[in-house]
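J.: all I have is the shape, not the residue letters:
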């Protein structure tokens, strides 16, 4: 079937490629003309602008927006809302805030336009592996676009089937799921990323501990290890309880350089980790681990917090403890 | 080659089976005669007691003790120390505390006996999948027993090879690793379990959040989801960043009963989670996530902490806040 | 001077009393006629409704709203906005969300009305001790109402003066502070409450530890204490580093009943703890302790989280661990 | 009465002074002769070494050791054990690990020597304010030395009496308490310090949040504050819920320099914070806040953890996210 795709970066471009490989027809657009030209060579139809894209698609249309969350997505969807008609479907495949989806869904529904929020996981490997799709919006729109979702998803592949699933929703096993009404797709993707933060931090702390236990001095008796963290990551990939894609990636990075010396240790965070904490607070969910994982990233990006100086000042105040002071 | 195995429970019994399938010869012993009889039917030689086991093994002997950590393992190893001779190898494959290994290693080395601590991961699936082995002790003893380790480990299997590993230690890819001197095997296994705790808690919090977001009342506007957590677990198994064995197990449990109604929610912890926190404290490693995961289990096992009553009492004191009181 | 006060509950009523004791004139209103009658006996003028209150006050008026945060405050302020005139001052002394203040301040400023947000700490003891006031809004309005703030605040009292304060803002020592523009008063109050949560949780965990260390069984060797927590709280009130009002309140509660048996352990939370976490996330502040304190209250209010069952299910899956199951 | 005091640093010296002011007789010793000479001028008897001290004291003797925890205290007590006789009392007033007390207490009891562990809080202000004393050991020894404890403790002072204490232990109100058998004094002091860590971290995070909310850029709309944290600390000292000695000290430090520019932000930790976490683990007490406070100090002392680089490496692996790299 036919799909418009707006935003041809790493994710958007590969989505187009994966769809075209499966025989779907794509009309594409990006501010930057280059990625469109490359895709045209593979068979995509390039639109000159949003209006042109809408013109090039047959009704009922479906347009997938794959842009950075925030103002750019917001503006693009607003412009599209004025161009498409009742019965058309607009899809946000980016990492939007789910409450923005709920608001947009209502605004578009008032015009008879369907809105779908599709959480898309798979990163740079998605072209080959497929994308895990968490989909929110009207069931009717989901059903209409299912051929698209089916192709983008990884499919059953060689993953071992889960027992006890007789009679259950067959799409989950293919890697795509209609999660519920508008907002639910990005909500589930947000929780996915929250869990991802927590898992990453668990590995980070574990490897940190192995390194610190290998210190040459300052440790209690009985220490004195000299762990090869690259080999430990590798051995855990076989038969251990922590086997996971994140471990695979860690093993690869450590195999390339077990000092990871190319990284400063300043760790970015995206909106999804933050929204997860907000949702935990709103739903009274004790989410210690997911929150700690976010805070560890905050802490990684400053030399010192002001709070740490407060601690030293108190220690000097009650105990006369002299913390190391700045020289100068 | 020949191996003595003491302790024929779930883990020990399967280790014997996996070794015999590969042609190794096992002399086995357990207090309870039944599991030994079953293994004898498969070709194992059953020893009447520890002394008999030592007699039935040719020097230099190797004896693998697979018993619950603590007094039983301690007593068994002490008795064996009086029976075996210089050049023999004693192996603790259980979940021992690594500092106990260091102590035992020194005591046995004084008698010329090798001691190896082998962290063994794989649980109930190890017979088929193999065991991930984290091994501490003298290199000489490791080399001598490598044929045993090789067979117990999962091997390369169908796991995708890690890039950039050219020239690295080939055993890690097979699922077994000589981690360093005595104590290092159980130390690495301990950190593995600490990471496992953190990953588990990340999933626990994420699914908890999905459930709480599905509540019918008491939530802010925009909520109103009705998530099918069994389907969400399944869809994440395909192409998402959180793919992992722990997710596979979660998906299976939720497929069988998405309410998990058979479980009370009281969660046990083993020594390894605790020792990980102790090691983090000793090495000044900020291990928020690993520690929170342990504390969440502590909290799960009491109705209320005394601390919670302290909080209510303070609130009543400064604000006249009336917390719900006990009726009686 | 003259002040209108709306909301005559515990806080509002005592504010009126403290003002009248100092010679100020109060016009009061509450939906419930009873508290107003009681205050009338002490000299307050009772208004029949908001319109009547506005009529009874001379311009430029000042009206202090002391109602529960949320819809009631919102509605009252909206109604007042239609009754008062340019140059009048509306004050929210409740625990409002600071972003609501920012919004309201803009709306009222458009009509020439001043809006002040006053974080008010002191609880049930404020009538005698005075209230700590954290004040946001235009400097001009602050200056006009300073006689009111001065009387409500505790004053210097017998608190030991802070060294190095020569030349600093003299109002802080009196217990009231103009914190900045609209919203800043409630922001500072919010952070105050966040810190309060953290301090309370620190005491809660400490006393919990003392109790658990007094258990008769299940502990490692060397334990075997039988701590009298009421006496420990009392001794810490003299000369220790943790001396604080919260400790005083804890000591009092434990002296009355060291089992705190009247409390169930279900601990409520108010908006301010939640907004503190939201603000930490928005400002990228690693606020582990403030957040853990909030999550501990969430956890206190459920028998078990769904997450805990997830943990047990995983443990059964990989290790065959049998967690205690529900009987039934 | 007569007391020997070993270790004449900040704490030990002031203890001697406070005792002599109250008419007690002190025999003192320190490796460094200077502090002893200063105390001799105030009336102390200086001993040439431990043997001389024992000779100068009348039996039954009482000797207070006030040295850094660890080897020095251990060695001094061991030497004293060989010099004193049955019925004498040895006191460790330092910050010892409570399990060391339990061990020492047993060793000394075998020789008929009493051992007392006295947790001593009060810091550099103790000479004037008195010391909060948490005392472990035999009741008989406590009773004999009570005149000493009474003088060292702050006494009732001007602290408001706690209600509901009729008929309770009168010493707590004086600031000293017999907590139980050997080890209990240092255990209670350890928990005190754990709570202290948590309270300090609560303030640290709160002030950090106020500072971050004052940032000139990078914040969401509605921010734009410019908080004067020194004034906020001061205003909270009057009537707020967070009034405490730690707040007083913070206010003083911020009044002197609201940038706290003399401090690097590297925060030390002592054994007591660590032992608190160990005790929480041993007693299955969920102590999130006390532990986070310790971990925040660990984190403050390194530029970056290895774990943070692991996080960046994973992000690059699954998402192609380019974290800021080191230039070089």
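T.: Perfect, thanks for sending it. Nothing here was measured: the structure is a model prediction, and the numbers come from that model. Numbering: from 1, shown residues only, chains lettered A, B, ... in the order given.
J.: average pLDDT for stretch A:125-134?
T.: Per-residue pLDDT values over stretch A:125-134 give a mean of 93.
J.: ok, residues contacting that stretch?
T.: Identification of contacts with stretch A:125-134 by Cβ atoms under 8 Å, 6 or more residues apart in numbering or on different chains yields A:11, A:14-15, A:17-18, A:118-122, A:149, A:152-155, A:157, A:175-177, A:179, A:184-186, A:188-189, A:192, B:232, B:235-236, B:238-240, D:318. Yep, even glycine has a C-beta here, placed from its N, CA and C like the rest.
J.: any of these buried? List them.
T.: A:11, A:14-15, A:17-18, A:118-122, A:149, A:152-155, A:175-177, A:179, A:184-186, A:188-189, A:192, B:232, B:235-236, B:238-240, D:318 (16 or more other Cβ atoms under 10 Å in any protein chain shown).
J.: of these, which are in range of chain C?
T.: The subset of those within reach of chain C, counting by Cβ under 8 Å from any Cβ of the partner chain, is empty.
J.: show me the residues you listed that map onto strands.
T.: Cross-referencing these against strands under DSSP state E gives A:118, A:119, A:120, A:121, A:176, A:177, A:179.
J.: can you point out the buried residues in the lowest-mean-pLDDT helix or strand in chain A?
T.: When the helices and strands of chain A are compared on mean pLDDT, DSSP states H and E, helix A:126-129 comes out lowest with a mean of 90. Within helix A:126-129, the residues that qualify as buried are A:126, A:127, A:129, counting by 16+ other Cβ under 10 Å.
J.: got it, and stretch A:284-304?
T.: Quick answer for stretch A:284-304 (16+ other Cβ under 10 Å): A:284-302, A:304.
J.: so which of these are in helices?
T.: If you go by DSSP state H, those have A:288-300 in helices.
J.: so which of the residues you listed are also by chain B?
T.: Applying Cβ under 8 Å from any Cβ to these, those adjacent to chain B are A:288, A:289, A:290, A:292, A:293, A:295, A:296.
J.: where does pLDDT dip in chain A?
T.: Scanning chain A with the threshold set as pLDDT under 70 gives A:322-328.
J.: which stretches in chain A count as helices?
T.: With DSSP H, the ranges of helices along chain A come out as A:10-21, A:33-41, A:50-56, A:71-81, A:98-109, A:126-129, A:139-152, A:184-212, A:229-236, A:245-256, A:271-282, A:288-300, A:306-319.
J.: which strands or helices does the third one pack on?
T.: Identification of packing neighbours for helix A:50-56 by 3 or more Cβ pairs under 8 Å, 6 or more residues apart in numbering or on different chains; DSSP states H and E yields strand A:2-6, strand A:25-29, helix A:71-81.
J.: just the ones in helices among the buried residues of stretch A:284-304 now: which is nearest chain D?
T.: Distance to chain D, by Cβ to the nearest Cβ, is smallest for residue A:300 among these, at 4.5 Å.
J.: do you know how far the closest one is from chain B?
T.: 11 Å (Cβ to the nearest Cβ, to the nearest Å).
J.: can I assume that residue is in contact with residue A:265?
T.: Yes. Using Cβ atoms under 8 Å, residue A:300 makes contact with residue A:265 at a distance of 5.8 Å.
J.: hey, what's in contact with both of those two?
T.: Counting by Cβ under 8 Å, 6+ apart, the residues touching both residue A:300 and residue A:265 are D:304, D:305, D:308.
J.: make JSON lines out of these and add distance to chain B.
T.: Output for those, formatted as JSON lines (distance: Cβ to the nearest Cβ, whole Å):
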{"residue": "D:304", "distance to chain B": "12"}
{"residue": "D:305", "distance to chain B": "7"}
{"residue": "D:308", "distance to chain B": "10"}
